[in-house]
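1. Got a sequence here, can you build the structure:
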Amino acid sequence: MIKIVDMGYQFVNVGGYEANRPEGSGDYLFLYLRCPTEVCLDGTYNWLPAETYLIYEKGTPQIYRKWDAHFINDWIHFDFDKYDQYFEKLGIPMNTPLTLHNNAEIIEMTSSLLIEYFSNGEEHEKVMAQRADALFHKFAELYHFSNEYSVKMNNYRAAFTDLRHKIMNRQYCPENIGEIAEKMNLSISYFQHLYKDFFGNSIHKDIIHARIEQAAHLLEHTDHSISEISRLCGYDNTEHFSRSFKKYKKMSPRNYRKTHIN
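-> Presented below is the predicted three-dimensional model:
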């Protein structure tokens, strides 16, 4: 299990900072440089650009500095109950500068981890371990994707990820696929191919899933009629809505409302 020792997010060291730990910090370090930084690797200082990641192996020297301006970074000190070649299995090199073409998901997950870090509860350590594990697995996915695909393809992935986030959070429900494909200057068939390649699921299924979850929420928390909910969730035909709802929730909208209100 992963144990978070200490962490910081968008941490600002006013006027600069120098880390000089020849024998490391006694644990592993996940470091995100939000500004250009001088980093000593293999005995030589080199300037690394902003948005560079480093995962320091336990016992490895951690030496980096920035004195010409504020030093801003994210950092997670962590350890394992038992290491068991964790990063080797993920295919992430340690003690090596790493970059992602798009790191918005990692930044969001780091922020979420920090919120939990300052929380309490019986399951706190387990939740922290699960979120840290998810963060590193997502990092591995994005790292390999960045290496395997072109910058253009990575830019597409960022746009598609934002689109899917809005769909799944019911912030946006497109009337048809052509509408989105046109905005991205893609053919409908290529758009659908990319979406499924990125997420392993078709956009049609994601849209239906989002609509059904929205309908379930409205059934539980409002007194709207089923036909009104059907319309609000993008269905022109109430019977079609009821069939789709039953397929996903294993019961009709009417029975779902009765069950969950009770």
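2. For the rest of this, base every contact and every neighbour count on C-alpha atoms.
-> OK.
3. Strands of this structure, residue ranges please.
-> Ranges of strands within the chain are 2-13, 17-21, 28-33, 37-41, 44-48, 52-56, 62-66, 71-80, based on DSSP state E.
4. Quick one: these as JSON lines, columns for mean pLDDT and mean neighbour count too.
-> Output for these, formatted as JSON lines (pLDDT from 0 to 100; neighbours: other CA atoms under 10 Å):
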{"stretch": "strand 2-13", "mean pLDDT": "96", "mean neighbour count": "16"}
{"stretch": "strand 17-21", "mean pLDDT": "96", "mean neighbour count": "15"}
{"stretch": "strand 28-33", "mean pLDDT": "98", "mean neighbour count": "21"}
{"stretch": "strand 37-41", "mean pLDDT": "96", "mean neighbour count": "19"}
{"stretch": "strand 44-48", "mean pLDDT": "94", "mean neighbour count": "13"}
{"stretch": "strand 52-56", "mean pLDDT": "97", "mean neighbour count": "21"}
{"stretch": "strand 62-66", "mean pLDDT": "97", "mean neighbour count": "19"}
{"stretch": "strand 71-80", "mean pLDDT": "97", "mean neighbour count": "20"}
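5. Indicate which one of the ones you listed is closest to residue 246.
-> strand 2-13 (40.0 Å; CA to CA).
6. ok, back up a step: with distance to residue 201 added, can I get the strands of the chain in TSV?
-> Below are the strands of the chain laid out as TSV (distance: least, CA to CA, whole Å):
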stretch	distance to residue 201
strand 2-13	30
strand 17-21	44
strand 28-33	31
strand 37-41	40
strand 44-48	37
strand 52-56	30
strand 62-66	41
strand 71-80	32
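7. out of the ones you listed, nearest to residue 260?
-> Among the strands of the chain, strand 2-13 comes nearest to residue 260, with 37.0 Å by CA to CA.
8. Residues touching the closest one, excluding its own?
-> Strand 2-13 has contacts (CA atoms under 8 Å, 6 or more residues apart in numbering) with 34, 70-81, 110-111, 114, 125, 128-130, 132-133.
9. partners of it in the sheet?
-> As defined by DSSP bridges, the strand partners of strand 2-13 come to strand 71-80 (antiparallel).
10. Outside of the strand it pairs with itself, list whatever touches it.
-> Strand 71-80 has contacts (CA under 8 Å, 6+ apart) with 1-17, 27-35, 37.
11. for the protein, which spans come out with low pLDDT?
-> Within the chain, the ranges that satisfy pLDDT under 70 run 150-152, 172-175, 262.
12. Just give me the residue closest to the centre of it.
-> Nearest to the mean C-alpha position of the chain, counting by CA atoms, centre = their mean, stands residue 105 at 3.2 Å.
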